[in-house]
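**Q** sequence? don't have it. structure:
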Ligand code: WQD
């Protein structure tokens with residue numbers, strides 16, 4: 001069975017390629033390197049032990065996407081490719097809507113033409129919106145609007161896929177709602193490599209640990225949580241990658257529409273994360289409390305029961321292992337892939 005992995009040079013995509021190959025799938029990887037690089041593909045191939053085919057294409061190019069399906073026999077798609085910076089999406093929403101929606105639509109058009117009916121989509125817990133009760137479970141209706149244009153592209157693509165399942169007999173769509181992916185491959189060869197100053201907590205902390213940034217700014221310490229800092233459900237990227245293998249097994253059973261959280265079910269505070277990382281890197285990381293960041297929710301985490309019951313998948317790695325693996329990656333590659 002051959003899987004097209006879009007965004008396969010990216011952070012979650014590259015780790016998923018390894019788990020797919022391990023599970024016996026053939027893969028074709030496509031990426032336009034907008035937020036990734038060939039070095040990630042080279043290293044992923046090495047870790048897989050397979051020279052899988054790679055195509056540098058922009059999925060918004062309908063003809064190029066269609067040609068990809070002419071060139072390879074594809075059985076299923078895992079669609080990671082997309083712009084994903086929440087803050088940036090509020091500044092350039094049109095680019096976010098255009099890129100993320102166009103690439104999904106061009107894939108669907110090519111799939112329709114080539115009679116490919118299995119689509120696994122990288123969605124996000126952000127679709128639950130600000131008012132959902134925690135823990136988030138799949139029965140909770142999605143929000144009418146997510147808190148950013150980025151989040152809205154996830155919501156819109158979910159709707160497009162739901163309608164496609166209704167319209168095309170035999171079409172299967174798995175919507176995987178990720179919580180906060182962190183961690184890196186145990187080899188320290190691949191990991192998260194954001195350009196510029198990281199927006200997300202874990203890569204920021206890692207840059208402080210390696211001496212590239214001065215100190216961690218903890219956004220808010222007066223939230224209604226045990227230590228006053230926000231709680232998130234951090235999930236190791238390798239566990240997340242394995243969740244995609246479980247989703248592929250599900251899709252092979254002709255699941256129709258299948259919506260599932262991928263999280264651990266546990267909330268960890270920002271302060272706990274900084275402390276755990278200090279242990280991993282062997283020195284106390286300097287931090288200071290800063291004002292709250294606009295749009296942040298105090299606390300949310302997944303109800304992971306549905307994934308356990310329906311996919312037979314459970315996240316296994318804890319916070320310390322996540323920090324150890326990020327430190328391994330960051331200390332081995334202080335400049336990321338460069
Ligand atoms: C985590 C916590 C911050 C940076 C976002 C997206 C989500 C998903 C994952 C994907 C918050 C605090 C952060 C820092 C801090 N996206 N923090 N200092 O906001 O939960 O989720 O990333 O592509 O859709 O919204 O993750 O890592 O940015 O923040 O104190 O320098 O860390 O306030 O409480 P978030 P995050």
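**A** Perfect, thanks for sending it. Keep in mind the model is a prediction, meaning the values are calculated, not measured.

**Q** rest of the way, CA atoms for contacts and neighbours
**A** Will do.

**Q** write out the residues of the stretch 201-338 of the chain neighbouring the ligand.
**A** By C-alpha under 6 Å from any ligand atom, the residues of the stretch 201-338 of the chain that approach the ligand are 201, 204, 216-219, 230, 270, 293, 296.

**Q** residue in the stretch 51-200 of the chain with the shortest distance to the ligand?
**A** Among all residues of the stretch 51-200 of the chain, residue 200 sits closest to the ligand, at 3.4 Å; criterion: C-alpha to the nearest ligand atom.

**Q** distance check, that residue against residue 122.
**A** Look at residue 200 and residue 122: by C-alpha to C-alpha, to the nearest Å, they are 18 Å apart.

**Q** more crowded one of the two?
**A** Under the neighbour definition other C-alpha atoms under 10 Å, residue 200 and residue 122 were set side by side, and residue 122 has more, 21 against 13.

**Q** residue boundaries of the helices in the protein?
**A** Ranges of helices in the chain, per DSSP state H, are 11-22, 38-48, 62-71, 86-91, 93-113, 149-167, 201-209, 237-251, 270-281, 305-306, 319-332.

**Q** how close does the nearest residue to residue 337 once chain neighbours are set aside get to the ligand?
**A** Setting aside the residues directly before and after it, residue 337 is nearest to residue 39 in space (C-alpha to C-alpha, 6 or more residues apart in numbering), at 6.4 Å. Distance, residue 39 to the ligand, by C-alpha to the nearest ligand atom, to the nearest Å: 21 Å.

**Q** do I have it right that residue 39 meets residue 191?
**A** No - assessed by C-alpha atoms under 8 Å, residue 39 is found out of contact with residue 191, at 11.6 Å.

**Q** higher neighbour count, the two?
**A** The neighbour comparison of residue 39 against residue 191 (other C-alpha under 10 Å) goes to residue 191, with 28 against 13.

**Q** so that one makes contact with residue 185?
**A** Yes - between residue 191 and residue 185 there is a contact under C-alpha under 8 Å: 6.4 Å.

**Q** what's the overlap in contacts for these two?
**A** residue 329 (C-alpha atoms under 8 Å, 6 or more residues apart in numbering).

**Q** what about the residue nearest to residue 59 when sequence neighbours are not counted, how many neighbours?
**A** Spatial nearest neighbour of residue 59, chain neighbours left out: residue 103 (4.8 Å); criterion: C-alpha to C-alpha, 6+ apart. Look at residue 103: counted by other C-alpha under 10 Å, it has 22 neighbours.

**Q** and residue 103, what pLDDT?
**A** Per-residue confidence (pLDDT) for residue 103: 98.

**Q** what's near enough to touch it?
**A** Residues in contact with residue 103 (C-alpha under 8 Å, 6+ apart) are 58-61, 82.

**Q** count of neighbours near residue 173?
**A** The tally of other residues near residue 173 (other C-alpha under 10 Å) stands at 26.

**Q** equivalent analysis for residue 88, please.
**A** Residue 88 has 16 neighbours, counted by other C-alpha under 10 Å.

**Q** in contact with it, which residues are there?
**A** Residue 88 makes contact with no residue under the criterion C-alpha under 8 Å, 6+ apart.

**Q** which parts of the stretch 1-150 of the chain sit against the ligand?
**A** Residues of the stretch 1-150 of the chain lying near the ligand by C-alpha under 6 Å from any ligand atom: 84, 86, 124, 126.

**Q** of those residues, which is the most crowded?
**A** residue 126 (21 neighbours).

**Q** contacts only, for that one.
**A** With contact taken as C-alpha under 8 Å, 6+ apart, residue 126 is in contact with 146-147, 151.

**Q** so where's the stretch 1-150 of the chain shaky on pLDDT?
**A** Scanning the stretch 1-150 of the chain for pLDDT under 70 picks out nothing.

**Q** roughly how far apart are the residue nearest to residue 337 and residue 28?
**A** When distance is defined by C-alpha to C-alpha, residue 39 is 17 Å away from residue 28.
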